[in-house]
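1. Just to be clear, the model below is a prediction. Sequence and coordinates:
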Amino acid sequence: MPVALVAVATGCGASVKHPLDDSEARPASPDAAVTEAALRLDELGESTMSSAPSTSHEWVPGTGCDTYPEAPEQGDVVRVLARFYDALPGGGTIETLLDNQETAWKAQSHAVDRGSANMAPQVISRINGIGYALVSTPPGAELRAFLPCY
């Protein structure tokens, strides 16, 4: 008589996504993603960086969708929006700034990652398909938004 083995795997609670998992929903279009990312960078600049002066820049790959050389862990992106801050707010340390941002994202129920030891100190989250990172760029910091490929 043949014997059949059946295994059932179950989990409890909500599924947890890695912050670099891009399978979730995303803005409807690249233009909508730019608008959403710029607004979130403005909010982070006000809250995290205490409205310190910043310089904005963006990176657009020549091929339409490619890996940002300074953050290959984000995978292929269509654009990177960034705000560079020359100094840390209030003379604090980068570790305190990263800890505070990690706590804030977790409080909003976003998945958070601190990156690997071979990367610049940073805290990473992915919100609505857009990757966000607060990265140490001594003597200051940089906020980045990684827009997904469409």
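-> Alright, I've got the coordinates.
2. Quickly list what the nearest residue to Leu143 once chain neighbours are set aside is bridged to.
-> Excluding its sequence neighbours, the residue lying closest to Leu143 (CB to CB, 6 or more residues apart in numbering) is Arg83, at 4.6 Å. In this view, the C-beta of every residue, glycine as well, is placed from N, C-alpha and C. Arg83 forms beta bridges with Ser56, Leu143, as assigned by DSSP bridges.
3. which helix in this structure runs the most residues?
-> helix 30-47 (DSSP state H).
4. Run through the residues that contact the residue nearest to the spatial centre of the chain.
-> What sits nearest the mean C-alpha location of the chain, by CA atoms, centre = their mean, is Tyr132, with 2.1 Å. By CB atoms under 8 Å, 6 or more residues apart in numbering, the contact set of Tyr132 is Ala37, Arg40, Leu41, Leu44, Ile124, Ser125, Arg126, Leu143, Arg144, Ala145, Phe146.
5. Tell me where this structure has helices.
-> Ranges of helices in the chain, per DSSP H, are 30-47, 94-107.
6. For Glu73, which of those helices is the nearest?
-> helix 94-107 (15.8 Å; CB to CB).
7. average model confidence for stretch 26-40?
-> Averaged across stretch 26-40, the pLDDT comes to 94.
8. Can I get that stretch in PDB, CA atoms only?
-> Extracted in PDB, the C-alpha atoms of stretch 26-40 (Å, rounded to 0.1, in the frame of the first residue of the first chain):
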ATOM      1  CA  ARG A  26       4.500  50.900  -6.100                       C
ATOM      2  CA  PRO A  27       3.300  54.300  -7.400                       C
ATOM      3  CA  ALA A  28       1.300  54.100 -10.600                       C
ATOM      4  CA  SER A  29       3.900  55.700 -12.800                       C
ATOM      5  CA  PRO A  30       7.500  57.000 -12.800                       C
ATOM      6  CA  ASP A  31       6.200  60.500 -12.500                       C
ATOM      7  CA  ALA A  32       4.100  59.600  -9.500                       C
ATOM      8  CA  ALA A  33       7.100  57.800  -7.900                       C
ATOM      9  CA  VAL A  34       9.200  61.000  -8.300                       C
ATOM     10  CA  THR A  35       6.500  63.100  -6.700                       C
ATOM     11  CA  GLU A  36       6.000  60.600  -3.800                       C
ATOM     12  CA  ALA A  37       9.800  60.300  -3.200                       C
ATOM     13  CA  ALA A  38      10.400  64.000  -3.300                       C
ATOM     14  CA  LEU A  39       7.700  64.600  -0.700                       C
ATOM     15  CA  ARG A  40       9.000  61.900   1.600                       C
END
